[in-house]
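Visitor: Show me how the following folds:
(chains A, B and C)
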Amino acid sequence: MEFTVQQIADMLGGTVEGNPDRKISTLAKIEEAGEKALAFLSNPKYEPYLYTTSAAAVIVGKNLQLKQHSDASLIRVDDPYTSFSKLLEEYQKALIAFKTGVEEPAFMGANSIIGENFYRAAFSYIGQNCKIGDNARIFPHVFIGDNVKIGNNVVIYAGAKIYADTIIGSNCTIHAGAVIGSDGFGFAPQKDGTYKVIPQIGNVILEDNVSIGANATIDCATMGSTIIREGTKIDNLVQIAHNVEIGKHTVVAAQSGISGSSKVGNFCTVAGQVGIVGHITIADKTIIGAQSGVSKSIKEEGTIIQGSPAFDYKQNLRALTVFRRLPELQKEIDELKEKR
Amino acid sequence: MEFTVQQIADMLGGTVEGNPDRKISTLAKIEEAGEKALAFLSNPKYEPYLYTTSAAAVIVGKNLQLKQHSDASLIRVDDPYTSFSKLLEEYQKALIAFKTGVEEPAFMGANSIIGENFYRAAFSYIGQNCKIGDNARIFPHVFIGDNVKIGNNVVIYAGAKIYADTIIGSNCTIHAGAVIGSDGFGFAPQKDGTYKVIPQIGNVILEDNVSIGANATIDCATMGSTIIREGTKIDNLVQIAHNVEIGKHTVVAAQSGISGSSKVGNFCTVAGQVGIVGHITIADKTIIGAQSGVSKSIKEEGTIIQGSPAFDYKQNLRALTVFRRLPELQKEIDELKEKR
Amino acid sequence: MEFTVQQIADMLGGTVEGNPDRKISTLAKIEEAGEKALAFLSNPKYEPYLYTTSAAAVIVGKNLQLKQHSDASLIRVDDPYTSFSKLLEEYQKALIAFKTGVEEPAFMGANSIIGENFYRAAFSYIGQNCKIGDNARIFPHVFIGDNVKIGNNVVIYAGAKIYADTIIGSNCTIHAGAVIGSDGFGFAPQKDGTYKVIPQIGNVILEDNVSIGANATIDCATMGSTIIREGTKIDNLVQIAHNVEIGKHTVVAAQSGISGSSKVGNFCTVAGQVGIVGHITIADKTIIGAQSGVSKSIKEEGTIIQGSPAFDYKQNLRALTVFRRLPELQKEIDELKEKR
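Guide: Numbers count the residues shown, from 1 in each chain, chains lettered A, B, ... in the order given. Next comes the predicted model:
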């Protein structure tokens, strides 16, 4: 896709200063922008780049007074940051939207239906009795098992795998390689020390506006449902075990793991590489620091914890400060003992 | 699949109380069961749910005396838990077994053979010279490289990748996205600080009854074999490096990693997010707590360790208790010094 | 592939002692070698195996004097280790090289070109406007999005997914299930506690000789590029976030994660399960111990750190030694207080 500076200015209701015919094919930060890029200037700290940038054009404020000459064409608007953000969104939507129809060979089983304006890529697989809403974007090598229900405007990237009976809301994004609905890790120890498989016949429910990262894994429930509620964002390589329930608008950063049957509240923040044991409950608005190991329920809203095992983050920070000085502490005690 | 209450009762050798014609299409916990579900009541703690459940039917003990009216049909048996477990197993088997034959397009290379009663899904790939046993279930986007040998009753879920020369026993389950046989991370440092690839020409052997979780990775041996012995269960996102050997009936929970050439014993429990360094040996029946880092061999059977680095879990627990109090400890020392 | 002992000796410029007609079909360690295997003896420690091995042949030094009889044929060369390494390399190359051409069905979009001597497996997908160099090996279920550029001699194993606009240098290896170019985890918190997606329109650049492990994930930049420089090796299940830059000839071991916009230097070693926070810089030749959490920039070259949070590894080691004794320390303090 290529636009002229004038075309972009018209979209934004802005005015052009300089050459309106220069071509724009991408968006970039002002400090990194190349020849065919459009950048923006909002924070005055970055103004020096305006005079050195090789961008084709820069979106600037209506009233910005130039201190030197800029080679870039300028597009003057009320709020450069908001204008640029809008363009970014439109750009990403356009990147996804332009593919439509079926690329052959693609597979769709009996009694499955898909709404209007879809993209079903080559080598994508949809099982039987599936119901998929409008504007679906289903990339190559996506697997969707039988009886799966999916809302509108869902993007499923290459090679994501969705087991049978999963339910996915609208406006969800599933990134490449994510696995949704794999068997929970349930094995009953036998008297002789061996393990017997506990059948896992539940499913996974993702509500609306959920995002699942690349190669993340979400196990189905033993019975019932593993649930990720509305607006929650799961990062790459996260593990969500069977029967877990994660509330609304919570974020779980990369490589964290939540063990079986635990419940995480709404508006929580789980940083990277965190582990949460099974069968506990985490209150709303809890913040869990990176690499923490959470072994007990958190009952109070807004708690901030850190450490493995995790406890109050300020107390943890103070303990860590002394931890580094432990050899000195030991020495001080030894001296006290001697001098006693 | 739909059954009547009477059909289920006949399967279990039970007797029906209430409407024998109600339809059942799924199994559920009594506290969560919906209209077409069958639940069970074993633990008296859950009896109150019997009088409020919307389940179509509940499996109960022969001698249970109702304290109130239940809307559900009852199926009376000797041991409700065992009866329900049997149904669960049959249900899961049925879910996997009903697909058979080849869905086109599927790929199978020259000189490869597959036993009776198989399912080879669309877009599944089997290389050359493979030998696969009876009752194989090979889901979409599964990759099986050349010369792979697989036993009977193996289920390989969507998008699992099995490199050439892998050997897999009978009754194994490989979950979606798992990678078996990728190159070990072997690079020889050169004098100039760069790295030279060390060829990895070994393979992976999974013995019978092994289960591999979604998106787990098991590297092939540099030479020889990386081995997972009989009955061992590996959870999602686990990393097993080259030349590792894991004994029989051991469980490794999600996101743990075992480094090159280490040997883990039989009947061990490795909790989640554990790291084990390379070239060590872990004795049988060792239990390793979550997020532990194991840096030394464990020689005694039945050892329980925790921490990073890991040591005796009781000692670790006691040290952690004092760790939280470190700022107070510091203060106590300071006071002792002053008052001396 | 099968060779005679004589054929191997000719390749290596060596001389045969014993039967020159025995057949060799694999390479193995001398202590594990089976009937049709070729082994080598370099370290005198392993000489006893020479007299018990069932290998078809063993590569030995020109001047080795046998202390007993060996059943194996001997191939005498100047430097057994170097000769064996050469064979290993040739063997691995041959394993990959023997497949060529297109296996149908394979997909390649409009305006995409691929160089000479390629392998495009069944169910592999190449988008539009891609440019791929010579000797490419593209395994089944590989996804390559639109506008991707790839150099020469690149091997992309089964089910690896490469998002649109990625740039990959020559001699790179991408292992099965790796995801390159997924959206960065960028969400702007709104006043009501919900999150708004920040469009991620950048790409990923892998320079020459880069290796990416199985099921590793590398996010694209928000704008600009996530960059992995020349010769760097990334292990399985590693997470590289948006806008990260990793220098040349650095190794990152399994399950480590590097957060958004951080820069790791050249010749660094990042051990397994390490976490690095966002927006920091790690100096060249830094060594980061396993399971460390790096929360601050490292400014000095050659720094060695360990711990969560990480600091000087020797200091950490000393602190950990005292940590184990914390209950005793507490006791000593209590005694001092009493006896005061």
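Visitor: how far away is A:Val277 from A:Thr26?
Guide: Per Cβ to Cβ, to the nearest Å, A:Val277 is found 46 Å from A:Thr26. Yep, even glycine has a C-beta here, placed from its N, CA and C like the rest.
Visitor: quick one: contacts of the helix or strand bottoming out on mean pLDDT in chain A?
Guide: The helix or strand of chain A with the lowest confidence, counting by mean pLDDT, DSSP states H and E, is helix A:80-97 at a mean of 87. With contacts defined as Cβ atoms under 8 Å, 6 or more residues apart in numbering or on different chains, helix A:80-97 is touched by A:1, A:8, A:11-12, A:14, A:27, A:38, A:40-42, A:59-61, A:75, A:77, A:137, A:155, C:164, C:198-201.
Visitor: Tell me which residues of that helix come out buried.
Guide: Across helix A:80-97, burial judged by 16 or more other Cβ atoms under 10 Å in any protein chain shown covers A:Pro80, A:Ser83, A:Phe84, A:Ser85, A:Leu87, A:Leu88, A:Gln92, A:Leu95.
Visitor: Just give me the closest of those residues to chain B.
Guide: A:Leu95 (24.2 Å; Cβ to the nearest Cβ).
Visitor: Sketch out the low-pLDDT regions of chain A for me.
Guide: Chain A contains residues with pLDDT under 70 at A:340.
Visitor: so where do the helices sit in it?
Guide: For chain A, helices defined by DSSP state H occupy the ranges A:5-12, A:47-50, A:80-97, A:313-324, A:326-339.
Visitor: Out of those helices, which gets nearest to C:Asn129?
Guide: Counting by Cβ to Cβ, C:Asn129 lies closest to helix A:80-97 out of these; the figure is 13.1 Å.
Visitor: give me the number of residues near A:Lys67?
Guide: Neighbours of A:Lys67 under the rule other Cβ atoms under 10 Å in any protein chain shown: 10.
Visitor: ok, which residues in the stretch 101-250 of chain A are in contact with chain B?
Guide: Contact residues, the stretch 101-250 of chain A versus chain B (Cβ under 8 Å from any Cβ of the partner chain): A:105, A:107, A:123, A:125, A:141, A:143, A:145, A:159, A:161, A:163-164, A:177, A:179, A:182-183, A:185, A:187, A:193-195, A:197-201, A:215, A:217, A:219, A:223-224, A:237, A:239, A:241.
Visitor: Take the least confident helix or strand of chain A, keep the C-alpha atoms, and write them as CSV.
Guide: The C-alpha trace of helix A:80-97 is given here as CSV (Å, rounded to 0.1, in the frame of the first residue of the first chain):
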residue,chain,number,x,y,z
PRO,A,80,-0.2,14.5,16.4
TYR,A,81,-0.2,11.5,18.8
THR,A,82,-3.9,10.7,18.4
SER,A,83,-3.7,11.2,14.6
PHE,A,84,-0.8,8.9,14.3
SER,A,85,-2.4,6.2,16.6
LYS,A,86,-5.5,6.3,14.4
LEU,A,87,-3.3,5.7,11.3
LEU,A,88,-1.5,2.8,13.1
GLU,A,89,-4.8,1.1,13.8
GLU,A,90,-6.1,1.5,10.3
TYR,A,91,-2.8,0.2,9.0
GLN,A,92,-2.8,-2.9,11.1
LYS,A,93,-6.5,-3.6,10.2
ALA,A,94,-5.8,-3.2,6.5
LEU,A,95,-2.9,-5.6,6.8
ILE,A,96,-5.2,-8.3,8.1
ALA,A,97,-8.3,-7.5,6.2
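Visitor: ok and that helix relative to helix A:5-12, angle-wise?
Guide: Angle of helix A:80-97 versus helix A:5-12, following axes from the mean of the first three to the mean of the last three Cα atoms, to 10 degrees, is 100 degrees.
Visitor: and the closest residue to A:Ile258 other than its chain neighbours, what are its bridge partners?
Guide: Once flanking residues are discounted, A:Ile258 sits nearest to A:Ile276: 4.6 Å by Cβ to Cβ, 6 or more residues apart in numbering or on different chains. Note on A:Ile276: beta-bridge partners by DSSP bridges are A:Ile258, A:Val294.
Visitor: Surely A:Ile276 is in contact with A:Val252?
Guide: No. Counting by Cβ atoms under 8 Å, A:Ile276 does not reach A:Val252; the two are 9.5 Å apart.
Visitor: so what's in contact with the two at the same time?
Guide: Shared contacts of A:Ile276 and A:Val252 (Cβ under 8 Å, 6+ apart): A:Ile258, A:Val264, A:Val270.
Visitor: among those residues, who's most crowded?
Guide: Neighbour-wise, these (other Cβ under 10 Å) top out at A:Ile258, 30 neighbours.
Visitor: Show the contacting residues for that residue.
Guide: Per Cβ under 8 Å, 6+ apart, neighbours of A:Ile258: A:Val238, A:Gln239, A:Ile240, A:Ala241, A:Val244, A:Ile246, A:Val252, A:Val264, A:Val270, A:Ile276.
Visitor: what does A:Lys337 give?
Guide: A:Lys337 touches C:Glu332, C:Leu336, counting by Cβ under 8 Å, 6+ apart.
Visitor: Could you check which of A:Ile276 and A:Val252 has the larger neighbour count?
Guide: Using other Cβ under 10 Å as the criterion, A:Ile276 and A:Val252 rank with A:Val252 on top: 30 against 27.
Visitor: A:Glu35 - how many residues pack around it?
Guide: 12.
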